[in-house]
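[1] just need the structure, nothing else, for what follows:
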Amino acid sequence: MLTQLIQQLRTSIQLPACFHVISYLRCMDVFTEAELRVTFLQARDTWLHSILAAVPEDDPYVHVTKTIEACRVHLFDIITQYRAIFADEEPVVPPPGQEALNESAIFHGWVLQKVSQFLLVLERDLEHGVGGCLDSLLGQCMYFGLSFSRVGKDFRGQLVPIFQRAALLTFQKATQQAVSGFQEEMNSYTLISAPVLLGSTIPAAVSSAQPGTLQPPMVLLDFPPLACFLNNILSAFNDLLLCCPVALAPNVTATLEEALRQVTKVILAFHQAEVMAFSHREQELFVQFCLAFLEELVPYLNRCLQLLFPTAQVAQILGVPPTQLHKYGSLCCIDESAVQELLASVLPEKDTVSPLPEEKALAPESPAVLLDLQLPALEQEAEPSITAAEAVDDRPVSGEES
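    As a prediction, this is how the structure comes out:
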């Protein structure tokens, strides 16, 4: 009979039936009050575990959303049943010769264990990747954590580092893919056929850009590998904006600097492999390629960082004036001089660089120009996530030649 009663607690049992089962167990007098509480929680935990184990794990996003819903609903059912059956507020008188036990510690310890297990599942699924749904999961988890404040277990503070790590990991993977894409583009890149806008009458910037919008440098369209690289980085920025805590500013900056160092290594390797066969025109094109990278792409990424992590906001969080922010290192600013030094060995002095003759550039009517290639622009937008950040308008570039 004892086994059958405990087995009932391992099913989807309702509160009235729980009362009857616990009453029978008390009448049998086989458990102390503390043991009865532990037995109840263990049995209900077995039932909860069976529900969570049935959630499909094929898709990390689906798995974590269903886990959140199951934990939020069923954990509160168990908590409601426990609080209705056991009165932990009233101390239990221990048998003679035994020390008094804190019965409420049993319940709170069990709840804490369930929260810890949920956080482990959440972190594992986020590591596997949830696409562009990080902000949605953050909202669901924050609501779940807030609801647990009614039982004294508000765990929203523990969610912050988990989502920070997930956002940074996603950004790092995206930047590494951007570098890999740049490497692939350079493997099949030839300078002789690169420029399509160099020397043309196409304006370098769109005058109708909206306030708070950064128009990507149009000169990068002359060099498809650079345009492709910037496109991928901007896509990474767009994903980062879904969950962009200010605490990630130094990590994001360091990740970008490392990506730029890898890009410079690819450029240097390209130069080393091709320099002996360079014609005079190809040498000029290579110099223009490097200058577009150093003077257009890198400064543009710095401006993007200023939109992602506004100086005033970072300074306010640190409690320092914006003018003193530079004392804390490169929190949200790429060291452009360090990138320039890496390519200094393959670049002539600035006063010796001569522009390409206009007659050698393709006309604006070139079919490649008619492709209407565009890079996505950054726009400011308030995000109701961990911190506010400016939004990025994601319009992919078609940087391939027809």
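[2] per-domain residue ranges of the protein.
    Under the assignment automatic domain parsing, the domains of the chain span 2-154, 165-371.
[3] check the offset of the shortest one from the chain's centre.
    In terms of C-alpha atoms, centre = their mean, to the nearest Å, the centre of domain 2-154 is found 30 Å from the chain centre.
[4] rewinding a little: going by mean pLDDT, which of the domains of the chain comes out lowest?
    Taking the average pLDDT of each of the domains of the chain, the minimum falls on domain 165-371, with a mean of 80.
[5] which helix or strand contains Ala87?
    Taking DSSP states H and E as the criterion, Ala87 maps to no regular element, lying outside all helices and strands.
[6] need the contact list for it.
    With contacts defined as C-beta atoms under 8 Å, 6 or more residues apart in numbering, Ala87 is in contact with no residue. Yep, even glycine has a C-beta here, placed from its N, CA and C like the rest.
[7] against Ser104, how distant is it?
    10 Å (C-beta to C-beta, to the nearest Å).
[8] quick one: buried residues of whichever strand or helix holds Val266?
    Take DSSP H and E as the rule and Val266 turns out to sit in helix 249-274. Going by neighbour count (16 or more other C-beta atoms under 10 Å), the buried part of helix 249-274 is 249-253, 255-257, 259-260, 262-264, 266-267, 270-271.
[9] show me the helices in this protein, by range?
    Chain-ordered helices for the chain, with DSSP state H as the definition, fall at 2-8, 15-28, 33-53, 60-85, 103-128, 134-147, 156-187, 224-240, 249-274, 280-292, 298-308, 311-318, 336-343.
[10] single out the most deeply packed of these.
    For the helices of the chain, the largest average neighbour count (mean count of other C-beta atoms under 10 Å) is found in helix 224-240, namely a mean of 23.
[11] nearest to Pro217, out of the helices of the chain?
    Checking the helices of the chain against Pro217 by C-beta to C-beta gives helix 298-308 as the closest, at 5.7 Å.
[12] picking up where we left off before, the helix holding Val266 - contacts with which helices or strands?
    Helix 249-274 is packed against helix 156-187, helix 224-240, helix 280-292, helix 298-308, helix 336-343, with contacts defined by 3 or more C-beta pairs under 8 Å, 6 or more residues apart in numbering; DSSP states H and E.
[13] want to throw those helices into TSV with distance to Thr65?
    Shown next, in TSV, are the helices and strands packed on helix 249-274 (distance: least, C-beta to C-beta, whole Å):
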stretch	distance to Thr65
helix 156-187	15
helix 224-240	18
helix 280-292	44
helix 298-308	27
helix 336-343	41
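[14] off-centre distance for the helix holding Val266?
    Put simply, helix 249-274 sits 21 Å off its chain's centre (C-alpha atoms, centre = their mean).
[15] could you give the angle of it to helix 156-187?
    Here helix 249-274 runs at 10 degrees with respect to helix 156-187, directions being taken by axes from the mean of the first three to the mean of the last three C-alpha atoms, to 10 degrees.
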